[in-house]
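need a structure here:
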Amino acid sequence: MCEKRQMNGSPARLGRLVGLLVFVVLMAAICLLSPGSPLRAAPKPALLGGPTEVGGIIDTDTT
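Modelled structure (predicted):
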């Protein structure tokens, strides 16, 4: 005699789950790679030079 095995979920349910997963991954990729994404933001320019050392007597306004 043949036994019937029960599956955990139907193939249609598995297909919907896979479709939902693909949709979520694609939406995440679109959001992360869009122009306004922090991953695509222009790098901040490096500060040029360092602190300016001043010596001697300062008798005028300086900036």
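
Can you say which helix or strand has the most centrally placed residue in the chain in it?
Centroid check for the chain by CA atoms, centre = their mean gives Leu32 as the closest residue, at 4.8 Å. Applying DSSP states H and E as the criterion places Leu32 in helix 11-33.

which other helices and strands contact that helix?
Packing contacts for helix 11-33, counted by 3 or more CB pairs under 8 Å, 6 or more residues apart in numbering; DSSP states H and E, involve no helix or strand. From N, CA and C alone the C-beta is placed, and that goes for glycine too.

residues contacting the residue nearest to the centre of the chain?
Counting by CB atoms under 8 Å, 6 or more residues apart in numbering, Leu32 touches Leu39.

With Cys31 instead?
Contacts for Cys31 (CB under 8 Å, 6+ apart) come out as Ser37.

Would you mind measuring from it to Pro38?
As judged by CB to CB, to the nearest Å, Cys31 and Pro38 stand 11 Å apart.

low-confidence ranges in this structure?
Of all residues in the chain, those with pLDDT under 70 make up the ranges 1-9, 40-43, 63.

List the contacts of Leu20.
Contacts of Leu20 by CB under 8 Å, 6+ apart: none found.

Next one: it relative to Met27, how far apart?
Noted for Leu20: a distance of 11 Å to Met27, by CB to CB.

can you check Ala12 too?
In terms of CB to CB, Ala12 sits 23 Å off from Met27.

repeat for Gly50
Counting by CB to CB - Gly50 and Met27 are separated by 45 Å.

the more surrounded of the two?
Per other CB atoms under 10 Å, whichever of Gly50 and Met27 has more neighbours is Met27, with 10 against 6.

mind listing what that one touches?
No residues are in contact with Met27 under the rule CB under 8 Å, 6+ apart.

Having no further points to raise, I will conclude here.
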